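> Sequence unavailable; structure follows:
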């Protein structure tokens, strides 16, 4: 099959696929508001790497959803989210973690299947602003050289604060939703976020070439239809 034949097949398939959509009755648009809350597991992709485990945190927010077409809509959220990293010292008696609180604004395409019980996919860009940070440690990270038995590892991050208060990245999630009645629904979503910017000062001439935040979140939410 040559390129022209493949193109003809694709056009015919697209036209046939569009027929059921065109034959549908007009879909009534919906506007909904809601809220959600849950837990995060986060880390930072450092280059050079740092041995880490997931840092637990919290997430909560308010939502807006608009659906004009059957099976498709969009969601805007305003969230509070905790991200950061927790270092793994491989059974040595040391601990260190950094938590950064963010105000996050995701813009998500929303694709769903089903009626009363739905499966959905959310994906889109996200922007965040760091509100503050806190550190927990059981050693003097300001003077690692004085810590007896401290392992030979990367320590530049201990003296660095969050350089880029503005963060941007990509979010993607899957979940299920159950309609209680015409106006009320509950949902459960698992979501992954990867930051495209650097959390700490990073670059070719810096200690780190990259410091991208990432997180996995689980949240339970509620929708209220207002139109």
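Looks like it came in fine. Being a predicted model, the structure only gives us computed values, none of them experimental.

> Longest strand in the protein, please.
Assignment by DSSP state E gives strand 117-137 as the longest strand of the chain.

> next structured bit after it?
Following strand 117-137 in sequence order, the next helix or strand is strand 166-179 (DSSP states H and E).

> Name the residues that touch that following strand?
If you take Cβ atoms under 8 Å, 6 or more residues apart in numbering as the criterion, strand 166-179 is touched by 102, 106, 108, 112, 115-130, 185-197, 199, 212-213, 223. For every residue, glycine as well, the C-beta is placed using N, CA and C.

> gap between it and the chain center?
Relative to the chain's own centre, strand 166-179 is displaced by 6 Å; criterion: Cα atoms, centre = their mean, to the nearest Å.

> tell me the angle of that strand relative to strand 117-137?
Angle of strand 166-179 versus strand 117-137, following axes from the mean of the first three to the mean of the last three Cα atoms, to 10 degrees, is 140 degrees.

> buried residues in strand 166-179?
Going by neighbour count (16 or more other Cβ atoms under 10 Å), the buried part of strand 166-179 is 167, 169, 171, 173, 175, 177, 179.

> In JSON lines: these, plus pLDDT.
Shown next, in JSON lines, are the buried residues of strand 166-179 (pLDDT from 0 to 100):
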{"residue": "167", "pLDDT": "95"}
{"residue": "169", "pLDDT": "96"}
{"residue": "171", "pLDDT": "96"}
{"residue": "173", "pLDDT": "97"}
{"residue": "175", "pLDDT": "97"}
{"residue": "177", "pLDDT": "96"}
{"residue": "179", "pLDDT": "93"}
